[in-house]
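Asker: Quick one, fold the following:
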Amino acid sequence: MRSLLIAALLAVTAVPSWAQDTTIIIRSGRRTAQRELPVRELPKDVVDEVIRFYNGEHTVRSSGRTHIPAARGVDGDVAVLGGPVTIGGHISGSLMVVNGDLTFEPGAVVSGDVTVVGGSIVAADRAAIAGEIRSYRDPLRYRRLGEDIVYSPRRQFRPSWLIRGDDLSGNRTGFTVSLGGIYNRVEGLPLVFGPDADLRLAGDARLQVDARGIFRTAGDWSLQRGDFGFRTRAELVLGGRQSNLGLGVRAYDLVNSIEPWPLKDFEVGWSAFLFHRDYRDYFSRRGASLFATLRVSPRFSATAEGRSERQGSIAAQDPFTVFRSGDEWRVNPAITDGHYHVLTGSVRFDTRNDKSTPTAGLFLTGEWELGEGTGIAPCTTPGTACFGSWFDGQATYQRIFFDLRSYSRLSPSGRLNLRFAGGGWLGGDPLPLQRRLALGYPDPLPGYGYRELGCGGEQYAGHPALCDRALIAQAEFRTHLGLDIGPDWATGDLGGDDVDRYEPFHVSGPDLVVFADAGRAWRVGDVSGTIPSNRLPAFNTFKTDVGVGLDFGPIGLYLAKPLDRNIQDVTFSVRMGRRF
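Answerer: Numbering: from 1, shown residues only. All right, here's what the predicted structure looks like:
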């Protein structure tokens, strides 16, 4: 048996992660007694939505016991703090109840959504509700700021130090010192520091500015010769909090990972820090960009960006690790160095009811990229893949990438999650090395070896990804077995707006997970071993695996078996948080 271990144990950033469904709790008729559930903090995206809704300029607000009788109606959105709330009349917008119960009388009408936070919904079947119905057990912890409310969790721990200032006009300024990025063999642990501001200009116009210095701890620690980077951003936001247009500029000196997989950021970081295993490769980017983002709603946004930047190879350093510190780090492969003008268009659509532990909804990200490289230098690193150079030092290429995920609740404890992702070369010259792909262990094909589908990358130092295109399909069924262990203080908000977050001290579950994966990565061309650009590989050439696991919330234990007669190994892996 081949046994491979992915980093687990602890994490710096975290959020509530539990397998029990916290949404869509609807009871009809007389209420029955329920056992008291532990008090937990709401998911950050739900908190943001509630705060935005309540503080909305046109929201009709109320506090305490509220009753809208059958003969009365309210125009617009309605938000109620406390309760109980009884609705018998008509609301022409959406209704949100914060930290209270909601009861409908026969004939009640709500033209929008109904959301209850920190309470329950009774007799929703008596009402005509046009939109979505949601209820969260967990109360919202808030404090008043003038007529508005702001989030104020009971317990907080943040892996950063903030100096924050707010005023009643809605302006905000601050200074942050934090552990930014992921621990890796190139930067070590990046330390991020700098100011930020969110300023109201006039009406619905806001200016959001932040400037961050980055100190890469794997290099020289001196202030004169230390390895520093930066990222700055200024964005003019026109419109409300939920729907707006953002116009901005960025400047940066960053180290980025080449592929969006394998693993989530915090899994890669802890794998490197604890076990001397870094599953990603990295390259440097220094330049500036102009961008525009249209946020149609909290669920949908589209962005266009133009960048001019220098992309370069970067060598692995020797940062500290807890175990195997005497081992040599895997070589960080060279890329196609040069100056690049890049135009990208991306979309994001997210209807998940929770970003870290979704039980319902869709998630879609897609990106189209047009790149033009100039001054491309030949690769000079010995033993590294350097093919794909151009005689005139120029290259123009197109690529796409997409990630579609679906989350469905089949029963009170059963979930079916599906994922279809991939992309790659779309047209033009061959892709630069930093835009190529591979599949295999540890994700998204855990039953196979590391970058086993890498199109020959195993022949070169660092085992680079060399495929032009890749497709992956994943499916998992999970059912909750029932367990909830951990101290109350472990469930506080740990800050951050990342989609992928992690709660290390509270165990929820376990979920029994049964999964299957299928994928293929390939080169495009008309010679032997490649696939013509207008065709897909035969389905019988896709690699597949099946597996089973127990997901305890902070840690999941999985066994995966390839469906390949020539491979008898079973792979054991430990994952932090959900697989996807």
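
Asker: ranges for the helices of the chain?
Answerer: 44-54, 265-275 (DSSP state H).

Asker: Deepest in the core, which of these is it.
Answerer: Comparing those by mean neighbour count (mean count of other Cβ atoms under 10 Å), helix 265-275 ranks first with a mean of 23. In this view, the C-beta of every residue, glycine as well, is placed from N, C-alpha and C.

Asker: remind me which residues of this structure are low pLDDT?
Answerer: Scanning the chain with the threshold set as pLDDT under 70 gives 1-41, 153-170, 221-226, 378-392, 412, 482-509.

Asker: quick one: contacts for the residue of the chain most remote from its centre?
Answerer: Centroid-distance maximum for the chain: residue 71 at 46.0 Å, with Cα atoms, centre = their mean. Residue 71 makes contact with residue 89, according to Cβ atoms under 8 Å, 6 or more residues apart in numbering.

Asker: returning to that earlier point: residue 377 is nearest to which of the helices of the chain?
Answerer: Set against residue 377 and scored by Cβ to Cβ, these come closest in helix 265-275, at 28.3 Å.

Asker: Can I get the closest one in PDB, CA atoms only?
Answerer: Taking Å, rounded to 0.1, in the frame of the first residue of the first chain, the C-alpha atoms of helix 265-275 are listed here in PDB:
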ATOM      1  CA  ASP A 265      -3.900  27.400   0.100                       C
ATOM      2  CA  PHE A 266      -3.900  26.600   3.800                       C
ATOM      3  CA  GLU A 267      -3.400  22.800   3.000                       C
ATOM      4  CA  VAL A 268      -0.400  23.600   0.800                       C
ATOM      5  CA  GLY A 269       1.100  25.900   3.500                       C
ATOM      6  CA  TRP A 270       0.800  23.400   6.300                       C
ATOM      7  CA  SER A 271       2.100  20.600   4.200                       C
ATOM      8  CA  ALA A 272       5.200  22.700   3.500                       C
ATOM      9  CA  PHE A 273       5.700  23.900   7.100                       C
ATOM     10  CA  LEU A 274       5.200  20.600   8.800                       C
ATOM     11  CA  PHE A 275       6.300  17.900   6.400                       C
END
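
Asker: got a markdown table for the helices of the chain, with distance to residue 432 too?
Answerer: Listed next are the helices of the chain as a markdown table, based on distance: least, Cβ to Cβ, whole Å:
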| stretch | distance to residue 432 |
| --- | --- |
| helix 44-54 | 35 |
| helix 265-275 | 22 |
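
Asker: quick one: which of those helices is nearest residue 544?
Answerer: Among the helices of the chain, the nearest to residue 544 by Cβ to Cβ is helix 265-275 (23.1 Å).

Asker: to the chain's geometric centre, what's the distance from that closest one?
Answerer: The chain centroid and the centroid of helix 265-275 are separated by 17 Å, computed with Cα atoms, centre = their mean, to the nearest Å.

Asker: For residue 172, list each beta-bridge partner.
Answerer: Beta bridges link residue 172 to residue 166, residue 198, judged by DSSP bridges.

Asker: circling back: out of the helices of the chain, nearest to residue 242?
Answerer: Between residue 242 and these, the tightest spacing by Cβ to Cβ is seen for helix 44-54, at 5.6 Å.

Asker: Which strands or helices does the closest one pack on?
Answerer: strand 78-81, strand 95-98, strand 114-117, strand 148-151 (3 or more Cβ pairs under 8 Å, 6 or more residues apart in numbering; DSSP states H and E).

Asker: Pipe those strands into CSV and attach mean neighbour count per row.
Answerer: Converted to CSV, those look like this (neighbours: other Cβ atoms under 10 Å):
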stretch, mean neighbour count
strand 78-81, 22
strand 95-98, 26
strand 114-117, 24
strand 148-151, 15
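
Asker: I'd like those as a markdown table, with distance to residue 335 appended.
Answerer: As requested, the helices and strands packed on helix 44-54 are exported to a markdown table (distance: least, Cβ to Cβ, whole Å):
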| stretch | distance to residue 335 |
| --- | --- |
| strand 78-81 | 51 |
| strand 95-98 | 49 |
| strand 114-117 | 47 |
| strand 148-151 | 41 |
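
Asker: Which stretch among these approaches residue 334 most closely?
Answerer: Short answer: strand 148-151, nearest of the helices and strands packed on helix 44-54 by Cβ to Cβ, at 45.3 Å.

Asker: Just the CA coordinates for that closest one, please, in CSV.
Answerer: Coordinates of each C-alpha in strand 148-151 appear next as CSV, following Å, rounded to 0.1, in the frame of the first residue of the first chain:
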residue,chain,number,x,y,z
ASP,A,148,-26.7,51.1,11.5
ILE,A,149,-25.3,47.9,12.9
VAL,A,150,-21.8,46.4,12.7
TYR,A,151,-20.6,42.9,13.3
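
Asker: residues in contact with that strand?
Answerer: Residues from elsewhere that reach strand 148-151, judged by Cβ under 8 Å, 6+ apart: 47, 51, 54, 55, 81, 140, 141, 142, 143, 144, 166, 493.

Asker: Adding distance to residue 527, write those residues out as TSV.
Answerer: Listed next are the contacts of strand 148-151 as TSV, based on distance: Cβ to Cβ, whole Å:
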residue	distance to residue 527
47	55
51	57
54	62
55	61
81	68
140	61
141	62
142	63
143	66
144	69
166	62
493	55
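
Asker: quick one: which of those is nearest residue 262?
Answerer: Relative to residue 262, the closest of these is residue 493; by Cβ to Cβ it sits at 28.2 Å.

Asker: What's the local residue count around residue 353?
Answerer: 21 (other Cβ atoms under 10 Å).

Asker: now do residue 128
Answerer: With other Cβ under 10 Å as criterion, residue 128 counts 11.

Asker: Could you list everything it pairs with in the sheet?
Answerer: residue 109.

Asker: ditto for residue 202
Answerer: Per DSSP bridges, the residues bridged to residue 202 are residue 205.

Asker: Let me know how buried it is, in neighbour terms.
Answerer: By the criterion of other Cβ under 10 Å, residue 202 has 6 neighbours.

Asker: cool, and residue 451?
Answerer: Quick note: residue 451 (other Cβ under 10 Å) scores 25 neighbours.

Asker: Tell me if I'm right that it and residue 463 touch.
Answerer: Yes. Contact criterion Cβ atoms under 8 Å: residue 451 and residue 463 qualify, at 5.5 Å.
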